[in-house]
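Asks: Using only what follows, build the 3D model:
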Amino acid sequence: MTWFLSAGDWRSAPVQLFCLPYAGGGASVFRRWQDGLAPDVEVLPVQLPGRENRISENPVFRAADVAYAIAERIRGPYAIYGHSMGGRVGFEVVRELRRAGRPLPLRLYVGGARAPHVSAPSHFDGLSRVADDELLRRLEAGGGLPAGLLEYPELVELLLPLLRADFAQVDDYRYTPEEPLPMPIVAFAGRDDDTVSREHSDGWREHSAAGFTLREIDGGHFFLNERLPELLAAIRADLAAAHADMPTRRLG
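Replies: Residues are numbered from 1 along each chain as shown. Sure thing, here's the model as predicted:
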């Protein structure tokens, strides 16, 4: 099985960045990231099952499976970025890695994601339990579907099992308290995000014992599509600083 979408051979880059998509998204969400972070970062978008080149697979997955796949691909300093659903998945992946005694990331980056302990309702909550038409209507209204997708019923039919599995992951998530993570967390929040509030993004500070930063980005919930250069510039600068603190060769 293919867990990662590669944009070429960037093994000479001093840092790896594993990227986890929002609900319903595939690795192609991050297709432009390698160009924006080369040559200092090797970008490894995680291809979760049931989407794109893995569409024939069961879309249900466990954070432990993702953690194992990432652990097998780590070759040195690395970070994790997760957007929306991917933020909480990334958080659970890091906790799985800690339990297994595996190397931990320099940073956990989360974008458009409520802190794990936050249970306040949002626009995308409960979608796994509504009818197909309602699910699609609310997703489209919230910007969670590619423009024009609903004009292709065959494609929609292929995507519905994936959407239901991912939103079940969102709806069924229950936070279990553990010790805060031993690396800094950087949370990115869209200034116009009406799904995840600034307060809910700021809640991530409770989950790091090594420092927290909240950075606001112009745009809505999917600012990673709307304001990508700004987002990548912030990640590049922060990763450079993180890597410069290590007693190894420096980034950039």
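
Asks: now the strands for the stretch 1-150 of the chain?
Replies: With strands called from DSSP state E, counting those that start in this stretch, the stretch 1-150 of the chain shows them at 15-20, 41-45, 78-83, 108-111.

Asks: who touches the nearest residue to Glu52 once chain neighbours are set aside in this structure?
Replies: Nearest residue to Glu52 in three dimensions, chain neighbours excluded: Gly26, at 4.0 Å (CB to CB, 6 or more residues apart in numbering). Where C-beta positions appear, they are placed from N, C-alpha and C, glycine not excepted. Gly26 is in contact with Gln47, Leu48, Arg51, Glu52, counting by CB atoms under 8 Å, 6 or more residues apart in numbering.

Asks: on that earlier part again, okay if I get the strands of the stretch 1-150 of the chain as a markdown table plus distance to Phe30?
Replies: Listed next are those as a markdown table, based on distance: least, CB to CB, whole Å:
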| stretch | distance to Phe30 |
| --- | --- |
| strand 15-20 | 4 |
| strand 41-45 | 4 |
| strand 78-83 | 8 |
| strand 108-111 | 11 |
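
Asks: looking at those, which is buried most?
Replies: strand 108-111 (a mean of 28; mean count of other CB atoms under 10 Å).

Asks: how distant is that strand from the center of its chain?
Replies: Relative to the chain's own centre, strand 108-111 is displaced by 7 Å; criterion: CA atoms, centre = their mean, to the nearest Å.

Asks: Stretch 169-182 now?
Replies: Distance of stretch 169-182 from the chain centroid (CA atoms, centre = their mean) equals 15 Å.

Asks: where along the protein do the helices fall?
Replies: Assigned by DSSP state H, the helices in the chain fall at 33-37, 63-73, 85-99, 132-141, 153-172, 198-202, 223-226, 228-244.

Asks: Could you tell me the least trusted of these?
Replies: Here the lowest mean pLDDT among these goes to helix 132-141, at a mean of 81.

Asks: hmm, who's touching that helix?
Replies: By CB under 8 Å, 6+ apart, helix 132-141 touches 24, 123-124, 127, 130, 145, 149-150, 156, 160, 163-164, 167.

Asks: now do 10 Å
Replies: With CB atoms under 10 Å, 6 or more residues apart in numbering as the contact definition, helix 132-141 has outside contacts at 23-24, 123-131, 144-147, 149-150, 156-157, 159-160, 163-164, 167.

Asks: Could you give me the buried positions within that helix?
Replies: Leu135, Leu136, Arg138, Leu139 (16 or more other CB atoms under 10 Å).

Asks: among these, which two are most distant?
Replies: Distance extremes for the buried residues of helix 132-141: the farthest pair is Leu136 and Arg138 at 7.5 Å, using CB to CB.
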